[in-house]
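[1] Need the 3D shape of this:
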Amino acid sequence: MFGAEIVSLERRLGELTLVAKAADMIGVFTRLRDSAALRFEELIDVCGVDYSAYGSETCEDGRYVADVAHAGPRFAAVYHLLSITRNQRLRVRVFAEDEAMPVLSSAVQIWPSANWFEREAFDLYGILFTGHPDLRRILTDYGFVGNPFRKDFPLSGTVEMRYDAEQQRVIYEPVSIEPREITPRSLREEEYGRH
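    Next up is the predicted model:
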């Protein structure tokens with residue numbers, strides 16, 4: 001039914017995952033929804049994924065060893081579909097081919113529920129969805145720089161934002177984070193709890 005449009009189809013842990021080519025994703029989605037044999041009428045979820053460290057294992061000293069499980073493109077959108085008619089679920093993974101600017105087609109015209117999910121993947125991972133009717137940030141501030149769910153996003157920033165009541169606007173100030181010990185006191189102090 002799909003031929004070369006499908007990269008792989010795999011069943012693991014009782015779940016079926018289909019990997020489709022980015023160039024063919026809209027055609028694949030349309031057939032998954034409209035085919036009488038499939039009838040995936042409902043889009044349950046879309047999530048972005050950063051595969052840059054996928055499959056990495058941690059050594060005892062906390063370092064990552066080489067990524068052996070994933071050697072393909074870095075960013076993907078994963079679509080979770082439901083066929084109410086057939087009582088079946090399907091996961092469809094589509095990889096964006098360009099790591100510097102990940103771009104996929106929007107599925108909003110096929111499943112309107114993709115709207116906010118794709119906005120979330122855009123906001124948190126930086127995946128652009130061409131043809132999306134309103135692609136803008138949904139969870140972070142409009143002036144926010146970067147995509148916080150990317151694996152290379154810094155853990156602490158250089159500015160913080162807050163609302164200033166006198167100026168009646170959001171202002172940005174240099175961050176003032178004091179380093180602190182995050183190990184629980186019971187593990188830091190040998191005598192804790194022995195009295």
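[2] Three-state assignment for R93, please.
    strand (DSSP: H, G, I helix; E, B strand; the rest coil).
[3] Okay, and the beta partners of it?
    Beta bridges link R93 to V19, V78, judged by DSSP bridges.
[4] any idea how far D34 is from it?
    Plainly put, R93 is 21 Å away from D34 if you go by C-beta to C-beta, to the nearest Å. All C-beta atoms are positioned from the backbone trio N, CA, C, and that covers glycine.
[5] Looking at these two, which one has more neighbours?
    R93 (17 against 12; other C-beta atoms under 10 Å).
[6] unless I'm mixing things up, the more buried one is touching T17, no?
    Yes. In this structure, R93 is within contact of T17 by C-beta atoms under 8 Å, at 6.2 Å.
[7] who touches the residue most central in space within the chain in this structure?
    Nearest to the geometric centre of the chain sits G48, at 2.1 Å (C-alpha atoms, centre = their mean). By C-beta atoms under 8 Å, 6 or more residues apart in numbering, the contact list for G48 reads F75, A76, A77, V78, E120, A121, F122, L124, Y125, I127, F149.
[8] Burial check on M101, number of neighbours?
    11.
[9] Quick check: it is in a helix.
    No. Counting by three-state DSSP, M101 is located in no helix; its state is coil.
[10] Of the contacts of G48, which belong to strands?
    F75, A76, A77, V78 (DSSP state E).
[11] Now neighbour count and pLDDT too, for these, in a markdown table please.
    As requested, the ones in strands among the contacts of G48 are exported to a markdown table (neighbours: other C-beta atoms under 10 Å; pLDDT from 0 to 100):
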| residue | neighbour count | pLDDT |
| --- | --- | --- |
| F75 | 25 | 96 |
| A76 | 25 | 97 |
| A77 | 28 | 97 |
| V78 | 17 | 97 |
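[12] among those, which two are most distant?
    Checked with C-beta to C-beta, the ones in strands among the contacts of G48 reach their widest spread between F75 and V78, with 10.8 Å between them.
[13] Skip the chain neighbours and tell me the closest residue to W111.
    Sequence neighbours aside, L43 is the residue nearest to W111 in space, at 3.5 Å (criterion: C-beta to C-beta, 6 or more residues apart in numbering).
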